[in-house]
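Trainee: Dropping the sequence and predicted coords here.
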There are 2 protein chains.
Amino acid sequence: MATLKDVAELAGVSVKTVSNVVNGYSFVKPENERKVREALAATGYKPNVGARNLRRGRTGFIALMVPELSIPYFGELAGGVITAAHTHDWSVLIEQTQGMRDPEVATLASLGPHMVDGAIISPEALLTDDLTHNPTGVPMVLLGEHALDVPIDHVGIDNVQAARIAVRHLISMGRNRIAVIGQNPDRGTATQRLAGYHDALNEVGLTCPPEYVAPAVRYHHRDGAEAMARLLALPEAPDAVFCFNDMLAHGAVRAAAERGYHVPQDIAVVGFDNTEHSKYSLPSLTTIAPDKAALAKAAVNLIHERSNGDSSPVQDVQIPFTLEVRESTTG
Amino acid sequence: MATLKDVAELAGVSVKTVSNVVNGYSFVKPENERKVREALAATGYKPNVGARNLRRGRTGFIALMVPELSIPYFGELAGGVITAAHTHDWSVLIEQTQGMRDPEVATLASLGPHMVDGAIISPEALLTDDLTHNPTGVPMVLLGEHALDVPIDHVGIDNVQAARIAVRHLISMGRNRIAVIGQNPDRGTATQRLAGYHDALNEVGLTCPPEYVAPAVRYHHRDGAEAMARLLALPEAPDAVFCFNDMLAHGAVRAAAERGYHVPQDIAVVGFDNTEHSKYSLPSLTTIAPDKAALAKAAVNLIHERSNGDSSPVQDVQIPFTLEVRESTTG
DNA sequence: GTGAAAGCGCTAACAT
DNA sequence: ATGTTAGCGCTTTCAC
């Protein structure tokens, strides 16, 4: 592999001159520039990014920490982050945690200024204590979960408001026995979505029996299916369900269908995340659609500003969302 | 950030000793080891991976190039690659190409020994010419598409055989007007799957009218839906469709349902890839299920062997697969 | 405008 | 068993 020195020797100039040409710095005598460019082409020189970054004190990478890339929401998110990162000349390093605390802590500890210029993390089991002191030493932004008392930038949507809108929609469709699937005291977002749900019910004087709040540890299809099965076994089954993500919702729809219930006639279902598949499922899924591209872009930009020395107060960026009304609530 | 030198000074020993302790090399006097460990803890030392790798002549990264991470198959694949890479102390850098040739070529060109120790690439539009001379200079393995005359390791499944098994299944369910969706002369895998399809038909003396071979440029839901719409508009509509991936299949199922066709009663559908969702869709999808974890592991191991100097002949690793029989063909 | 040389943090000879 | 030192490839003062 050709180095700067090789090119310099071939061109008969100093390393500095070659470096200048490569980086487009200062003025180089046209003749020298020509010679350098020829030598560059002849050797097929490619800069050693590692060495360059070692010298510059930056790494050229940002890390993205997610539970699992195989979950469509995180796949879509990661795609957006990669795209956004490219606009700042960053490559993206992806780490998976399975949504478990130990891997999350370990991943954070393994990150550092030597490895990445920043980290975008989507924690699932991390405790507030784990984050009171930024464990990475690089700019960090939190996605989704929002540990309130933590001095770290956050990007997300207004979960309370989003949940309220989702449930209002169900009410407007004439439903009044509305359940939720996904309650989980360890997830801040779940708590927020539950609050929005209660808000919407209260607004119209509806109440919610405690057994209508179905918990879920993971948010996979299976969990949604199991929760739905329990809800439908209740003496008075709900006529609508608000699920805290799309996978829960698809699992719930399937469980309903297996028991002979029609969605939405017998029971309406709303999801959260608007993953690609929800537009094509049978029935297509009504769901809260966060602007994922904006989310990714905001997170990356935040890292960029922070790594350029921006030390303004901790930010909480709100990303817009919409309610996509589809067949699972309108038939 | 504490450096090796800082730790050495604090512990009152040389950098070498600290380095020895950190890397677990040779024998260190117990007393020194203790002092070093204390200093390590006191300074919160973390090795500068960039510098270490610069010195070692490795980067600690492998690249994974895929069309889009938002496509579930690639999300699942990427998850597997990250997991497998960790067993060799590699972090994974993911690049997206949108399945277009220019970004694919550009990405390959941007990779190099300075950036990554190897690359796992899932090309979609790359031509044989782009690969006759490994453009990265690092060990590379091709996934899926298999440009036959290229001197690069390949990992994948036997597409001809898999397609044959899928279509045989359809035949065994009593179907005899079997169409395919996904034909694309630019994709080697499509050609192979089409061959398997024809094989299966020939085995039982069935023929396939040319209009039963529906092309698809991209392999998204929409493309499957459009293709299915055209097939159903045919004077003699098919009674089964073999789709070249699960997204095409889900799109096709939806298009059929929108036109009042029941799957599988009126038309059976088989997919390819077995993405997570296919187990929970309505109807659940019969599909070819490659062992994705094995695929990822094989690809990473190949890179590992090659980067350790293995220069045995080009390999083509076959990964096992199964046919998952579900509701879309058995109702 | 261009060259010489220092040094980013680390590891591997080499010396002790 | 431990210290000293050169150097990975690059950028960047500082002279010229």
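Mentor: All right, it came through fine.

Trainee: mind listing the strands for the stretch 201-331 of chain A?
Mentor: A:213-215, A:240-243, A:268-272, A:286-290, A:316-318, A:321-324 (DSSP state E, counting those that start in this stretch).

Trainee: What does the closest residue to chain B within the stretch 101-250 of chain A show for phi and psi?
Mentor: Residue nearest to chain B within the stretch 101-250 of chain A: A:His114 (3.9 Å; C-beta to the nearest C-beta). C-beta: built from backbone N, CA, C; applies to glycine. Note on A:His114: backbone dihedrals following degrees, to the nearest 10 are phi -80, psi -20.

Trainee: which ones are touching it?
Mentor: A:59, B:1, B:46-51 (C-beta atoms under 8 Å, 6 or more residues apart in numbering or on different chains).

Trainee: now the closest residue to it other than its chain neighbours: how far from B:Glu33?
Mentor: In space, and not counting its chain neighbours, A:His114 is closest to B:Asn48: 3.9 Å by C-beta to C-beta, 6 or more residues apart in numbering or on different chains. From B:Asn48 over to B:Glu33 the distance is 22 Å, taken as C-beta to C-beta, to the nearest Å.

Trainee: more crowded one of these two?
Mentor: A direct count of neighbours by other C-beta atoms under 10 Å in any protein chain shown for B:Asn48 and B:Glu33 places B:Asn48 higher, at 20 against 16.

Trainee: what's near enough to touch that one?
Mentor: A:54, A:114, B:1, B:3.

Trainee: and if you look at A:Ala214?
Mentor: A:179-183, A:227-228, A:230-231.

Trainee: Also A:Val36?
Mentor: Taking C-beta under 8 Å, 6+ apart, one finds A:7, A:11, A:13, A:17-18, A:21, A:28 in contact with A:Val36.

Trainee: just the buried members of the contacts of B:Asn48?
Mentor: Buried members of those, counted by 16 or more other C-beta atoms under 10 Å in any protein chain shown: A:54, A:114, B:3.

Trainee: Could you list which of the contacts of A:Val36 belong to helices?
Mentor: A:7, A:11, A:17-18, A:21 (DSSP state H).

Trainee: Just put those residues in JSON lines and tack on pLDDT.
Mentor: Below are the ones in helices among the contacts of A:Val36 laid out as JSON lines (pLDDT from 0 to 100):
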{"residue": "A:Val7", "pLDDT": "87"}
{"residue": "A:Ala11", "pLDDT": "87"}
{"residue": "A:Thr17", "pLDDT": "88"}
{"residue": "A:Val18", "pLDDT": "87"}
{"residue": "A:Val21", "pLDDT": "86"}
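
Trainee: I'd like the distance from the residue in the stretch 101-250 of chain A that DNA strand C sits nearest to to B:Val49, if you could.
Mentor: Nearest residue of the stretch 101-250 of chain A to DNA strand C, counting by C-beta to the nearest atom of the strand: A:His114, 6.9 Å away. Look at A:His114 and B:Val49: by C-beta to C-beta, they are 5 Å apart.

Trainee: A:Arg175 too?
Mentor: For A:Arg175, the distance to B:Val49 - C-beta to C-beta - is 54 Å.

Trainee: Settle it for me: which of the two has more neighbours?
Mentor: Using other C-beta under 10 Å, the more surrounded residue of A:Arg175 and B:Val49 is A:Arg175, with 22 against 19.

Trainee: how much space is there between that one and A:Ser328?
Mentor: 12 Å.

Trainee: what is in contact with these two at once?
Mentor: Joint contacts of A:Arg175 and A:Ser328 (C-beta under 8 Å, 6+ apart) are A:Ala268.

Trainee: what residues does the stretch 201-331 of chain A put near chain B?
Mentor: Contacts of the stretch 201-331 of chain A with chain B, taken as C-beta under 8 Å from any C-beta of the partner chain, map to A:221, A:225, A:250-251, A:253-254, A:257, A:276-277, A:279-282, A:284.
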